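**Q** the following comprises the amino acid sequence and a computationally predicted model.
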Amino acid sequence: AVVSTQSTGVKVDEFHNVRQKLTAEMADHSNLIRSLVVRAEDARLMNDMNSMKQSYLKLYDLNRDLVNGYNIRCNNHTELLACLKIVNQGIQKAGRLRVGKPKTNVITGCRNAIKQGDIEKLFKIIECGGV
């Protein structure tokens with residue numbers, strides 16, 4: 001069970017990294033979209049239809065990339081939730097192995113390790129009941 005929780009913990013870290021990367025890409029695309037809209041409108045006002053068409057084609061491509069990125073983020077989020085559920089179940093099982101104060105200490109320690117992002121500490125708490 002600990003090995004399963006460990007591999008799931010590694011997956012959770014990977015999903016978080018992918019989410020951060022996709023969010024950064026989305027922000028970059030958003031800035032580029034703003035500039036392309038301004039460029040296309042300027043070209044329209046100047047009756048430069050070729051530049052306007054090119055700007056709108058680039059805008060279309062960026063929009064498609066954003067939609068694809070959104071779909072990837074949705075899938076990533078779904079998988080992340082599934083992994084977090086497995087980690088939570090592992091924490092619950094580790095807590096059920098103990099009674100009273102040790103149970104509370106294990107659950108609190110696991111929560112703190114997750115908040116700190118310390119996966120090794122989390123696994124050690126689940127495995128041994130403490131740090």
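**A** Now that the structure is in, tell me what you want to look at. Residues are numbered from 1 along each chain as shown.

**Q** against residue 65, how distant is residue 51?
**A** 21 Å (Cβ to Cβ, to the nearest Å). Quick note: C-beta positions are derived from backbone N, CA and C, even for glycine.

**Q** which residue of the chain lies farthest from its centroid?
**A** No residue in the chain sits farther from the centre than residue 47, which is 43.6 Å out by Cα atoms, centre = their mean.

**Q** helix or strand: which one has it?
**A** Assigned by DSSP states H and E, residue 47 belongs to neither a helix nor a strand.

**Q** can you pull out the helices in the chain?
**A** 2-45, 49-96, 101-116, 119-128 (DSSP state H).

**Q** tell me which residues in the shortest one are buried?
**A** When you say that, I think you mean helix 119-128. 119, 121-126 (16 or more other Cβ atoms under 10 Å).

**Q** in terms of secondary structure, what does that helix contact?
**A** helix 2-45, helix 49-96, helix 101-116 (3 or more Cβ pairs under 8 Å, 6 or more residues apart in numbering; DSSP states H and E).

**Q** redo that, cut-off 6 Å
**A** Judged by 3 or more Cβ pairs under 6 Å, 6 or more residues apart in numbering; DSSP states H and E, the packing partners of helix 119-128 are helix 2-45, helix 101-116.

**Q** a markdown table for those, including distance to residue 90, mean neighbour count and mean pLDDT?
**A** Shown next, in a markdown table, are those (distance: least, Cβ to Cβ, whole Å; neighbours: other Cβ atoms under 10 Å; pLDDT from 0 to 100):
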| stretch | distance to residue 90 | mean neighbour count | mean pLDDT |
| --- | --- | --- | --- |
| helix 2-45 | 4 | 14 | 85 |
| helix 101-116 | 9 | 15 | 88 |
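
**Q** in JSON lines, list these along with distance to residue 79.
**A** Converted to JSON lines, the helices and strands packed on helix 119-128 look like this (distance: least, Cβ to Cβ, whole Å):
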{"stretch": "helix 2-45", "distance to residue 79": "6"}
{"stretch": "helix 101-116", "distance to residue 79": "18"}
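
**Q** residue 77 is nearest to which of the ones you listed?
**A** Closest to residue 77 of the helices and strands packed on helix 119-128, according to Cβ to Cβ: helix 2-45, at 7.3 Å.
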